Structures are given as structure tokens and as C-alpha cells.
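Undergrad: what follows is a protein structure lacking sequence information:
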């Protein structure tokens, strides 16, 4: 990993991330058809939403289409994933497992809640995650991994709690002080862990761990 002067979580709090994260609005893991609208403000920052509230938003895309095949090979993002792993100290196989669970490697994926791209980032969090274009694989992966690393730090490297926070929001995990009793979240954790084990075996250096991950009781 590339050392930082601040921890990822400390930097988030400095920039006000705790407000957005506590609401649990970072991601959604159920890609589905949705209309996405966009406008570019006077500073050149792109804003996306699936529920436009003003005429400034213009139709951008409708993705994914029904029965649309996954575009390209899952291995096409390996170079970006490896770079993100080095930068943020997150295992390569874990990053790939989260992408598989979130979007099945579809860079144009849009969830029912409006989450965007490979790692399913909500429009409200694009700017704070330093993602200008959520459908750009490199920007999306870097932003998503930055958040994933922050959840690992926030929950003391407990992998299952970090994944629960990625899915349901850290505030919910802290409220229950364990994995929340939500079937969707528990299923999500098991799905990511299953892909994680698979990629550890099949992807070169996929099992390498930067730091030490631990696991809470099974979901």
C-alpha cells in the first residue's frame, strides 16, 4: 500500500463523510433497470440522480437493459484492481469479490436505488469519493475501494462487519453492534465471502492480504 499521513477514516471525517455514511447511502447491491439523469455544475462537477428534482438534470442513460449480457471478461479490470489494492491496502481478491457481488463486472450497472457502476456508488457520494464519472471503471473502483478500506478501519479489520457496513451502512452496524439481522445484508456478506475464497484460489496474488483481516461470527 501507499502510506498516507492520515488514516482513511480520519480523512473521511475531516471532509464530512460521517454524515453521508451514517445514513447508509453509499451502495446498493441489486442492479436493475433505471433512468439516470445528469447535470454539470459551473465547477465542472457531474451530478447524477435517478429522481431529478429540477430541470437542470438531463436524461443520461437507462442501464442495464433487460437480459443485457455482462460486457467483457471479469479479468479486464485486474490492472486497476491491483493498483487500488496497493494504494489502499485492501486484498485484491476482496476487491474483485465485492465488484462481482455488486455489479457482476458491469461498469454501466444501475441499481433500483440509483447506485452506479462496478462498485455501486450512490450519486450523493460521488463527489466525496472523488469520482467524477461513476461509469469510468478506474474512478469507480478507486472510489469504492477507498470506502471499503475506511469500513475495514472503522470496524477494526473485521471483514464481515465491514461488508455489512458497505451494504447497509456503518451507522446500522454500530447500532446493532454486530451484523444487522437483515436477510439482504446477511446474504450479501455470504456472497462476497464465497467470491473472495474463489478469487483467492484462481487469481494471481489474489490471496495476498495487506494488513490483517479477521472475521466476526458467521452471518
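TA: Looks like it came in fine. On a predicted model such as this, the values are computed, not experimentally measured, just so you know.
Undergrad: would you mind measuring from residue 109 to residue 133?
TA: Distance, residue 109 to residue 133, using C-beta to C-beta, to the nearest Å: 14 Å. In short, each C-beta sits where N, CA and C put it, glycine included.
Undergrad: ugh, typo on my part, it should be residue 111
TA: Distance of residue 111 to residue 133, given as C-beta to C-beta: 17 Å.
Undergrad: same question, residue 180
TA: Residue 180 is 32 Å from residue 133, by C-beta to C-beta.
Undergrad: how about residue 191?
TA: Applying C-beta to C-beta to residue 191 and residue 133 gives a distance of 27 Å.
Undergrad: got it, and residue 175?
TA: Taking C-beta to C-beta, one finds residue 175 at 34 Å from residue 133.
Undergrad: those two: which is more packed in?
TA: Legend: neighbour count by other C-beta atoms under 10 Å for residue 175 and residue 133, higher for residue 133 (15 against 12).
Undergrad: quick check: the more buried one touching residue 127?
TA: No - if you go by C-beta atoms under 8 Å, residue 133 and residue 127 don't touch, sitting 11.9 Å apart.
Undergrad: common neighbours of these two, please.
TA: Common neighbours of residue 133 and residue 127, counting by C-beta atoms under 8 Å, 6 or more residues apart in numbering, are absent.
Undergrad: next secondary structure after the helix or strand of the chain with the lowest mean pLDDT?
TA: Every helix and strand in the chain was compared by mean pLDDT, DSSP states H and E; the lowest is helix 17-22, with a mean of 42. Note on helix 17-22: by DSSP states H and E, the next helix or strand toward the C-terminus is strand 34-40.
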